[in-house]
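S.K.: dropping a prediction and its sequence here:
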Amino acid sequence: RTEGTNHKIKNSKRRAYGYRNLHRFRIRVFLECTGKTYHEQVS
């Protein structure tokens with residue numbers, strides 16, 4: 001499970017080359033790994 005998550009994050013980093021906003025990248029990683037955004041998890 002951990003290896004799968006790491007693989008998803010690495011693929012996201014490859015596709016996100018040039019993102020200017022780290023916050024949006026973080027939301028994208030949460031969305032791809034969990035199916036939810038960070039704000040939904042906190043609430």
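M.R.: Structure's in. What do you need? Numbers count the residues shown, from 1 in each chain.
S.K.: show me the contacts for the residue nearest the centre of the chain.
M.R.: When Cα atoms, centre = their mean is applied to the chain, the residue found nearest the centroid is Val29 (0.4 Å). Applying Cβ atoms under 8 Å, 6 or more residues apart in numbering, we find Val29 in contact with Lys8, Ile9, Ser12. C-beta here means a position set from N, CA and C on the backbone, and glycine is covered the same way.
S.K.: try Arg28
M.R.: Ser12, Ala16.
S.K.: and the one 5 residues further on, by the same measure?
M.R.: By Cβ under 8 Å, 6+ apart, the contact set of Cys33 is Thr5, Lys8, Ile9.
S.K.: tell me the SS of it?
M.R.: Under the three-state scheme (DSSP: H, G, I helix; E, B strand; the rest coil), Cys33 adopts helix.
S.K.: any idea how far Asn21 is from it?
M.R.: Relative to Asn21, Cys33 is positioned 19 Å away (Cβ to Cβ, to the nearest Å).
S.K.: buried among the contacts of Val29? Make that a ChimeraX selection.
M.R.: Buried subset of these, written as a ChimeraX selection, criterion 16 or more other Cβ atoms under 10 Å:
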select :12
